[in-house]
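> whatever this is, show me its structure:
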Amino acid sequence: MNLRPLHDRVLVRRLEEQESVRGGIIIPDTAKEKPQQAEVVAVGNGKLLDDGQRVAVEVKAGDRILFGKYSGSDIRIEGQEYLILREDEILGVLG
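Next comes the predicted model:
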């Protein structure tokens, strides 16, 4: 896959959360919430300001990030699920 997001957008792949069962209750996959952690796959060139300058994106490919529950747009490329976010939808970078 060779996809480069435009401007201040970031292409990420969700990270699967560890499944823990308490009290013997098994939660079906359809009832589970989607994880809010992801790995950055690709980033755009940065946001273009009104005066023509470009502000670089602060994250890079390989970073682990946190994002809001309803952020971004889900897409599917070559059978893989990805999410495209704007940089301002990223809440933080995990270190």
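> can you read off the pLDDT for Gly95?
pLDDT for Gly95: 80.
> number of residues surrounding it?
5 (other CB atoms under 10 Å). Yep, even glycine has a C-beta here, placed from its N, CA and C like the rest.
> next one: it from Val59, what distance?
Distance, Gly95 to Val59, by CB to CB, to the nearest Å: 12 Å.
> so who does Ile84 touch?
Contact analysis of Ile84 by CB atoms under 8 Å, 6 or more residues apart in numbering lists Pro5, Arg9, Val10, Leu11, Val12, Gly72, Ser73, Ile75.
> contacts only, for the residue at minimal distance from the centre of the chain.
Compute the mean C-alpha point of the chain, and by CA atoms, centre = their mean the closest residue is Val12, 3.7 Å away. Neighbouring residues of Val12 by CB under 8 Å, 6+ apart: Ala38, Glu39, Val40, Val41, Ile65, Phe67, Gly72, Tyr82, Leu83, Ile84, Leu85.
> following the helix-or-strand element of the chain with minimal mean pLDDT, which helix or strand comes up?
Lowest on mean pLDDT, DSSP states H and E among the helices and strands of the chain sits strand 47-48, with a mean of 90. Proceeding C-terminally, strand 47-48 gives way to strand 54-55 as the next helix or strand, assigned by DSSP states H and E.
> which stretches of the protein form strands?
Assigned by DSSP state E, the chain shows strands spanning 9-14, 37-43, 47-48, 54-55, 64-67, 73-77, 80-86, 90-94.
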